[in-house]
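Student: need a structure here:
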Amino acid sequence: MTVAVGVVFSSGGKVYSFDPGGLELAWNEKVVCQTVRGQELGRVVQANRELDDEPDAPLKKVVRRATEVDKETLEANRDEARRAMRVFREVVREQGVELKPVAAELVFDGSRLVFSYEAEERPDAGRLQTALRERLHRRVELRSVGPRECARLCGDHGLCGGGQCSRRYPTHEQPITLRMAKDQDLPMSSGRITGLCGRLRCCLAFEHPLYKSFRDRAPRVGRRVTTPHGEGLVTGYKVFEDLCTVELEEGAAGLDVFIDECREVA
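Tutor: Numbers count the residues shown, from 1 in each chain. Below is the predicted model of the structure:
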């Protein structure tokens, strides 16, 4: 079986599998990996594990654990990327291009600057790249991103007051749907189920498996059930506690019962 570790290279970014190269790596360790963009510094989010399926191609390797010098290089790259972002905004204004600058990144080995932008129409990328290369004296790559990726790259706190899910957790693969909101009994008003990007909130996808598992096992509201305390009517749920509220007698206060202890009456 192939042994791999999961590594992310930005907050909330995609998890990539790498060959640990004989290293025993733990969660949150910083590592330098060989990628298609050259060497990059990332964070381990999945420790050494055996893959269920063999990969189609050999995994790229973890080069080494990150050293203090590597971490200093990363900070220096971020400083240069911030300066490059200011230049990017200036060039966009000077050329009158209709796009929104989102983020700038100097890849770890310093081989190129990657600029992310959001635009309704496709801009003249060649003209922008030429102007940026002349100003920055580096290889330049332009990357178009959508509203959700834009929010992940430059966002901070969500409407709930906490850090954005898209920046705190590894990205999810499945599409986010209204069914996820309905399964969680959320109101369908856009202000409650959309995030700062204007799209359905990422937390709907992260939390949906818990709600789906609960609903697959729980009796429906309004059904009569038998419990260790007697027979009654299901009137509500407490999903996080794995409980449903059962009214044993009409007009009586509801009693919280574990759903595994409830059986629907035929």
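Student: in the stretch 51-200 of the chain, which spans are strands?
Tutor: 62-65, 100-106, 113-118, 140-144 (DSSP state E, counting those that start in this stretch).
Student: Regarding this structure, what is its longest helix?
Tutor: helix 68-95 (DSSP state H).
Student: tell me what it is packed against?
Tutor: strand 30-35, strand 38-50, strand 100-106, strand 113-118, helix 125-136 (3 or more CB pairs under 8 Å, 6 or more residues apart in numbering; DSSP states H and E). Where C-beta positions appear, they are placed from N, C-alpha and C, glycine not excepted.
Student: at 10 Å what do you get?
Tutor: If you count contacts as 3 or more CB pairs under 10 Å, 6 or more residues apart in numbering; DSSP states H and E, helix 68-95 packs onto strand 30-35, strand 38-50, strand 100-106, strand 113-118, helix 125-136, strand 140-144.
Student: Sheet partners, orientation included, of the shortest one?
Tutor: Looking at strand 140-144 with DSSP bridges, its paired strands and their directions are strand 113-118 (parallel).
Student: Measure how far the strand it pairs with is from the centre of its chain, please.
Tutor: Centroid separation between strand 113-118 and its chain, computed with CA atoms, centre = their mean, to the nearest Å, is 19 Å.
Student: Also stretch 198-217?
Tutor: 14 Å.
Student: Could you dump the strands of the stretch 51-200 of the chain into JSON lines and include mean neighbour count, distance to residue 178 and mean pLDDT?
Tutor: Converted to JSON lines, the strands of the stretch 51-200 of the chain look like this (neighbours: other CB atoms under 10 Å; distance: least, CB to CB, whole Å; pLDDT from 0 to 100):
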{"stretch": "strand 62-65", "mean neighbour count": "16", "distance to residue 178": "40", "mean pLDDT": "96"}
{"stretch": "strand 100-106", "mean neighbour count": "21", "distance to residue 178": "27", "mean pLDDT": "93"}
{"stretch": "strand 113-118", "mean neighbour count": "21", "distance to residue 178": "24", "mean pLDDT": "94"}
{"stretch": "strand 140-144", "mean neighbour count": "16", "distance to residue 178": "26", "mean pLDDT": "93"}
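Student: Quick one, which of these gets closest to residue 75.
Tutor: Distance to residue 75, taken as CB to CB, is lowest for strand 100-106 among the strands of the stretch 51-200 of the chain, at 11.1 Å.
Student: Pull the distance from the closest one to the chain's centre.
Tutor: Distance, centroid of strand 100-106 to centroid of chain: 19 Å (CA atoms, centre = their mean).
Student: Could you export it as PDB, CA atoms only?
Tutor: Output in PDB follows, covering the C-alpha atoms of strand 100-106 (Å, rounded to 0.1, in the frame of the first residue of the first chain):
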ATOM      1  CA  LYS A 100     -10.600  43.300  -9.400                       C
ATOM      2  CA  PRO A 101      -7.100  42.500  -8.000                       C
ATOM      3  CA  VAL A 102      -7.500  39.800  -5.300                       C
ATOM      4  CA  ALA A 103      -4.100  38.500  -4.200                       C
ATOM      5  CA  ALA A 104      -0.400  38.100  -5.000                       C
ATOM      6  CA  GLU A 105       1.900  35.300  -4.200                       C
ATOM      7  CA  LEU A 106       5.600  34.800  -4.700                       C
END
